[in-house]
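*Asks:* Sequence and predicted structure are below.
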Amino acid sequence: MILIDIIKDHITYGQQIFKLAKADLIKTYRGAALGWSWAIIKPAVTIFVYWFAFEIGLRAGKEVNGFPFFLWMIAGLIPWFYMSDMLTSGTDTIRKYSYLVTKMKFPISTIPTFVSISKFAVNLILIAIMILIFVFMGHAPNIYIIQLPFYLLLMFIFFTIWSLFSSLLSSMSKDFGNLVKAMVTAVFWLSGIIWNPATIKIGWLKTILNLNPVTFLTNGVRNCFTNNVWFFEEPKRLLYFTIITIILLVLTIWTYKKLRKEIPDVLI
């Protein structure tokens, strides 16, 4: 089975995957005067812009579930930084590291994985900083935070699978990669990252939102910090997400089976 082959590749090349993830991190910030500081500066600027626009400009930054709008907002924005990275740069992973395929015969299926690990490591740092911000502002996380690793694991698994699927297609056609990048802004605004999906009163629209993996994962992280909801209290949302993840996995395996032998020739 293709899935078993992919798992075997990850086990066999496990050490190399983590070394390449470290190299990808270093490569991302190498050459910049501020170096690793950009991993924090860039998200901080984005957060400030949205906070200023909604709370100062539009005066729409009302408390949510008893939490200041700023805290509610960063609980959704920070996981989004990882998700948006995987939607954009994750789609270009095989093209970016084409030399691993054409010159070293490195397993294609493992390339998106080490890039995902690289992006995820940065996001873990941002989440740690977010926890400190919550504590500093007098809203220290409670017992619900113990489910945070569960949601982070789901996020990592889903977007690693997505990265393999999208980078396979993008390797065959740059148009697919451009289409994904063009859709990122739409995904951001339609996923309830800086507005509360709970305010939606239209039933069918709320159902569609619940089918959106980005909405589910964003809401999941907020369940740990501001919503105070256990994952098993929303079984339908978890079921929807699981079904979509399985469908994506099946599509990825099928795509990998069809394209893995053609990609080295296309990338030369």
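*Replies:* Alright, I've got the coordinates.

*Asks:* where along this protein do the helices fall?
*Replies:* Per DSSP state H, the chain carries helices over the ranges 2-12, 14-29, 38-51, 69-88, 93-96, 98-102, 111-136, 148-172, 174-190, 203-211, 213-222, 235-259, 263-267.

*Asks:* and the fifth one, average pLDDT?
*Replies:* Same thing as helix 93-96. The pLDDT scores in helix 93-96 average 87.

*Asks:* just checking, what packs against it?
*Replies:* With contacts defined as 3 or more Cβ pairs under 8 Å, 6 or more residues apart in numbering; DSSP states H and E, the secondary structure elements packing on helix 93-96 are helix 111-136, helix 148-172, helix 263-267. Where you see a C-beta, it was placed from the backbone N, CA and C, and this is true even at glycine.

*Asks:* try 7 Å this time
*Replies:* Contacts defined by 3 or more Cβ pairs under 7 Å, 6 or more residues apart in numbering; DSSP states H and E place helix 93-96 against helix 111-136, helix 148-172.

*Asks:* Tell me which of these sits most buried.
*Replies:* helix 148-172 (a mean of 20; mean count of other Cβ atoms under 10 Å).

*Asks:* quick one: contacts of stretch 158-165?
*Replies:* Taking contacts as Cβ atoms under 7 Å, 6 or more residues apart in numbering, the residues outside stretch 158-165 that touch it are 83, 86, 90-91, 93, 109, 112-113, 115-116, 213, 245, 248-249, 251-252, 255-256.

*Asks:* still on that earlier bit, with distance to Glu63 added, can I get the helices of the chain in CSV?
*Replies:* Listed next are the helices of the chain as CSV, based on distance: least, Cβ to Cβ, whole Å:
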stretch, distance to Glu63
helix 2-12, 44
helix 14-29, 36
helix 38-51, 14
helix 69-88, 6
helix 93-96, 40
helix 98-102, 49
helix 111-136, 14
helix 148-172, 22
helix 174-190, 22
helix 203-211, 22
helix 213-222, 14
helix 235-259, 24
helix 263-267, 50
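
*Asks:* Tell me which of those sits nearest to Asn196.
*Replies:* Set against Asn196 and scored by Cβ to Cβ, these come closest in helix 69-88, at 7.8 Å.

*Asks:* Quick check: buried residues in the closest one?
*Replies:* Neighbour counts using 16 or more other Cβ atoms under 10 Å place 69-87 of helix 69-88 among the buried residues.

*Asks:* first vs last residue of stretch 43-62, how far apart are they?
*Replies:* The stretch stretch 43-62 measures 22 Å between its terminal residues, going by Cα to Cα, to the nearest Å.

*Asks:* What average pLDDT does it get?
*Replies:* Per-residue pLDDT values across stretch 43-62 average out to 72.

*Asks:* Also stretch 247-262?
*Replies:* Mean pLDDT, stretch 247-262: 90.

*Asks:* Also stretch 220-237?
*Replies:* Mean pLDDT, computed over stretch 220-237, is 89.

*Asks:* Please renumber the chain so that the first residue is 11 from this point on.
*Replies:* Noted, 11 is the first residue going forward, which turns the last one into stretch 230-247.

*Asks:* Show me which residues of that stretch are buried.
*Replies:* By neighbour count on 16+ other Cβ under 10 Å, the buried set for stretch 230-247 is 230-237, 239, 241, 244, 247.
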